[in-house]
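A.B. asks: Sequence plus predicted model, see below.
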Amino acid sequence: GGVEVLVGLMRTGAAEQQALAVALLSRLSANEDNHDAMAQAGASVEALVEVLRTGSAASKTEAAYALQNLAVDERAQQTVVRANGVTALVEMLRAGGAEEAVAAAGVLRALSMN
């Protein structure tokens, strides 16, 4: 469905398309009803982790907020860890701006609580 299309845009789209796709996934992740579909499409979590490494500051922040929302799901947590998301989040804390750091800390907190 729609999640796969957004994941495709995050991976292969131009910077503006990637930013919009990440923002939409972030908004979708705010609704718990979407968590299962997003977690089942593990590629969405992997793609969000990739954005943490390669995206713009705004895209990294949106990706982190999406991952924070999804981190209540054990499958999503495992995917973040397997995709080396913790390393990317720590790098955001170290080298990112204030908003990136807050978003990254939120994901790390969510991962540590579950």
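C.D. replies: Yep, it's here.
A.B. asks: what element comes up after the lowest-mean-pLDDT helix or strand in the chain heading to the C-terminus?
C.D. replies: Within the chain, confidence by mean pLDDT, DSSP states H and E is lowest for helix 35-40 among all helices and strands, at a mean of 74. With elements assigned by DSSP states H and E, the helix or strand that comes after helix 35-40 is helix 42-54.
A.B. asks: helices or strands next to that following helix in the packing?
C.D. replies: helix 2-12, helix 15-29, helix 35-40, helix 57-70, helix 74-82, helix 85-95 (3 or more C-beta pairs under 8 Å, 6 or more residues apart in numbering; DSSP states H and E). Backbone N, C-alpha and C define where each C-beta goes, glycine included.
A.B. asks: and of those, who's closest to Val102?
C.D. replies: Val102 sits nearest to helix 57-70 of all the helices and strands packed on helix 42-54, at 8.3 Å, using C-beta to C-beta.
A.B. asks: Could you pull up the mean pLDDT of that closest one?
C.D. replies: Mean pLDDT, helix 57-70: 94.
A.B. asks: Equivalent analysis for stretch 12-27, please.
C.D. replies: So the average pLDDT for stretch 12-27 ends up being 90.
A.B. asks: tell me which residues in that stretch are buried?
C.D. replies: By 16 or more other C-beta atoms under 10 Å, the buried positions in stretch 12-27 come out as 18-26.
A.B. asks: now stretch 33-52
C.D. replies: Neighbour-count burial for stretch 33-52 flags 34-35, 38-39, 41-52 (criterion: 16+ other C-beta under 10 Å).
A.B. asks: for it, the distance to its chain's centre please.
C.D. replies: Distance of stretch 33-52 from the chain centroid (C-alpha atoms, centre = their mean, to the nearest Å) equals 7 Å.
A.B. asks: Over to stretch 15-31?
C.D. replies: Distance of stretch 15-31 from the chain centroid (C-alpha atoms, centre = their mean) equals 9 Å.
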